[in-house]
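Visitor: Build me a structure from this.
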Amino acid sequence: MMLFKPVILAFSSLIDKELPKGEKINNRYVIEEFLGMGSYGYSYLVYDSFLGRKVVLKMVRFHKRITKKGIRVHQYEIEILKSLQHPSFPAIFDEGMWGTVPFFTMEYVHGKTFEQLIFIEGQRFTEEEALAYGLKLLERMEYLHNKGIVHRDLRIPNIMLEDNDVRVIDFGLAKWLSDTDNKKRELKSEISPQSDYFQLGHFLLFLLYSNYETNGMEKERPWDEELSLSLKTNKLIKRLLQIDKPFETINELKQCYLEACIKREE
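Guide: This is a model prediction of the structure:
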């Protein structure tokens, strides 16, 4: 099976070729732009002739749609998106089949990811700004956890800024918190609130490092030595990353977070 898997992946790469602009899906969706491919699916910006608007169409990759597990993941993402009634998460519109390929469509979120803002546009974030955007992400996270959902992929490519509002996309790795299992996982992929806390810590670090400058001659040091942060922000991030005592509840996290947001006395 181990030798068979690379063959399937290679064959999948040949099958999963980018569809050309103008291709029509089910006489409804017109391909406008290829958005990208992940381990489970690939996405297009399409024009929905029924709704009269641009939407995102996500298809399941070949090597996933030939397995029951791959199809379950696809249905799982649809189920989770349907359960969300919040403007900070993409609304789902339609699901169906294009030949043998399962797909669904969802809201096209305008704006840019924090990955684009930092690494393409060169935007810099102060400690105060990073904490402010992180607080908005924390609020989105709290909504998900209250719905019994853990996102597990709160990385900067999946966090968007639209009209100064933080929006979360890509629920391909999201899980119901009730779906805990006995597998030994890395902290960032645990089916637990702590996995999202951990990724919130990394989100903050990416924003904070956008303001970090080096002459290229310095020896690399730990982040808490390279970044000049307030003691409360330093403490917050260390607990998010479980370097220090981890947060056990969202209320405990919120209290520590709000303390970090309070401006230092002059």
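
Visitor: Are we agreed that residue 43 is in a strand?
Guide: Yes: judged by DSSP: H, G, I helix; E, B strand; the rest coil, residue 43 forms part of a strand.

Visitor: Please report the number of neighbouring residues for it.
Guide: Per other C-beta atoms under 10 Å, the neighbour tally for residue 43 reads 20. Every residue, glycine included, has its C-beta placed from N, CA and C.

Visitor: Equivalent analysis for residue 222, please.
Guide: Residues near residue 222, counting by other C-beta under 10 Å, number 8.

Visitor: Quick check: it vs residue 188, distance?
Guide: Taken as C-beta to C-beta, to the nearest Å, the spacing of residue 222 relative to residue 188 amounts to 19 Å.

Visitor: same check, this time on residue 134
Guide: Distance check for residue 134 against residue 188: by C-beta to C-beta, it reads 17 Å.

Visitor: Looking at these two, which is more packed in?
Guide: More neighbours surround residue 134 than the other of residue 134 and residue 188, with 27 against 17 (other C-beta under 10 Å).

Visitor: Per-residue confidence, that one, what does it come out as?
Guide: Among the per-residue scores, residue 134 holds a pLDDT of 98.

Visitor: How about residue 73?
Guide: According to the model, residue 73 scores 85 on pLDDT.

Visitor: repeat for residue 145
Guide: On the pLDDT scale, residue 145 is placed at 97.

Visitor: residues in contact with it?
Guide: Residues near residue 145 by C-beta atoms under 8 Å, 6 or more residues apart in numbering: 177, 193, 196, 250.

Visitor: Now do the contacts for the last one.
Guide: Just to be clear, that refers to residue 250. The contact partners of residue 250, by C-beta under 8 Å, 6+ apart, come to 141, 142, 145, 193.

Visitor: most surrounded residue in those?
Guide: Highest count within these by other C-beta under 10 Å belongs to residue 141, 23 neighbours.

Visitor: Would it be right to say that it lies in a helix?
Guide: Yes: residue assignment for residue 141, taken from three-state DSSP, places it within a helix.

Visitor: which residue sits closest to it, ignoring its sequence neighbours?
Guide: The spatially closest residue to residue 141, leaving aside those adjacent along the chain, is residue 196, at 5.1 Å (C-beta to C-beta, 6 or more residues apart in numbering).

Visitor: I'd assumed the one you found was in a helix, is it?
Guide: Yes: remark: residue 196 belongs to a helix, assigned using three-state DSSP.

Visitor: Check whether residue 50 sits in a helix, strand or coil.
Guide: coil.

Visitor: ok, which stretches of the stretch 1-150 of the chain are strands?
Guide: 24-25, 29-37, 41-48, 53-60, 92-98, 101-107, 112-113, 149-150 (DSSP state E, counting those that start in this stretch).

Visitor: Other residues contacting the fourth one?
Guide: Outside strand 53-60, the residues that touch it by C-beta under 8 Å, 6+ apart are 25, 29, 32, 35, 40-48, 70-71, 74, 90, 93, 98, 101-109.
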